[in-house]
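# pasting the structure only:
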Ligand SMILES: Nc1ncnc2c1ncn2[C@@H]1O[C@H](COP(=O)(O)OP(=O)(O)OP(=O)(O)O)[C@@H](O)[C@H]1O
Ligand SMILES: Nc1nc2c(ncn2[C@@H]2O[C@H](COP(=O)(O)O)[C@@H](O)[C@H]2O)c(=O)[nH]1
């Protein structure tokens, strides 16, 4: 049978995107998912109330505080954190199932969650921090999204400086000026990371066959 590169197995990676609230990571993530069939979104659990249009099981699993704590106790989360007075966590089982198929998983989580995942899964983690072009533009985006009250927007703006201080902990930094340019940059990161030697787990056998040694 002829050798083709499509027979080379690949180890799935975990692409984490973080940013201050409103910088644009959800927008970039949605576009990436629509354009790349090799990556799926990790759906987090949260105790925050759904925004207009958000769908349970698609945008988040909306759970009570009691249910969230039970999930923590049962070890159901890969990571979890308190963000803006609410709890958020990444359910472990769906992520492990996708990675086992050699597919990639995209996470929209904060810096606390990224730190936890770096400790448990460093080799599989690729982290991207998204910055806004300016603080004024960040506030404008939060208001334009029109999904949070003025009080919630003010709270998120007050935390933006602290959040942004974590940028040096990430592998890649994107200043999200033009959304199409930012999407292209994340696609480029994903392409390069997928090609890393250590992720191409079937390469040894492929080259062995190429060399006619098997
Ligand atoms: N490059 C951009 N230029 C202009 N507007 C943008 C850009 N990227 C995103 N936006 C808009 O900014 C708003 C916030 O974007 P988004 O919801 O993606 O932010 P986020 O980082 O995911 O926020 P959160 O952490 O609160 O979920 C949205 O209305 C989105 O359409
Ligand atoms: N550590 C985690 N952070 C998470 C998770 N899911 C979302 N987030 C972060 O929370 C804030 C606010 O999100 P919003 O949807 O309420 O605007 C944002 O920074 C997200 O990245 C998670 O599972 N773990």
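Happy to help now that I have it. Computed from a predicted model, the values in this text were never measured in an experiment. Ligands and ions are numbered 1, 2, ... in the order given.
# burial of the residue of the chain found nearest ligand 2, as a residue count?
With C-beta to the nearest ligand atom as the measure, residue 113 is the residue of the chain nearest to ligand 2, at 2.6 Å. C-beta coordinates here come from the backbone N, C-alpha and C atoms, glycine included. Other residues lying near residue 113 total 23 when counted by other C-beta atoms under 10 Å.
# once you drop chain neighbours, what's closest to it?
residue 79 (4.2 Å; C-beta to C-beta, 6 or more residues apart in numbering).
# circling back to that earlier point, what about the residue of the chain closest to ligand 2, which helix or strand?
Here residue 113, judged by DSSP states H and E, is contained in helix 111-121.
# quick check: mean pLDDT across that helix?
Helix 111-121 shows a mean pLDDT of 94.
# and if you look at stretch 130-144?
Mean predicted lDDT for stretch 130-144 stands at 95.
# ok so, going back, by contact count, what packs against the helix holding residue 113?
Applying 3 or more C-beta pairs under 8 Å, 6 or more residues apart in numbering; DSSP states H and E, one finds that helix 111-121 contacts strand 14-18, strand 77-83, strand 86-91, strand 125-131.
# helix/strand/coil for residue 174?
strand (DSSP: H, G, I helix; E, B strand; the rest coil).
# that one: neighbour count?
22.
# so who does it touch?
28, 128, 129, 130, 131, 182, 185, 186 (C-beta atoms under 8 Å, 6 or more residues apart in numbering).
# residue 14 now?
Contacts of residue 14 (C-beta under 8 Å, 6+ apart): 95, 99, 104, 105, 107, 117, 121, 124, 125, 126.
# rerun that using 7 Å as the cut-off
Listed by C-beta atoms under 7 Å, 6 or more residues apart in numbering, the contact set of residue 14 reads 105, 107, 117, 121, 124, 125, 126.
# doesn't residue 117 make contact with the residue nearest to residue 113?
Yes. With contact defined as C-beta atoms under 7 Å, residue 79 counts as touching residue 117 (5.3 Å).
# quick check, residue 9 in a helix?
No. Assigned with three-state DSSP, residue 9 falls outside any helix and is coil.
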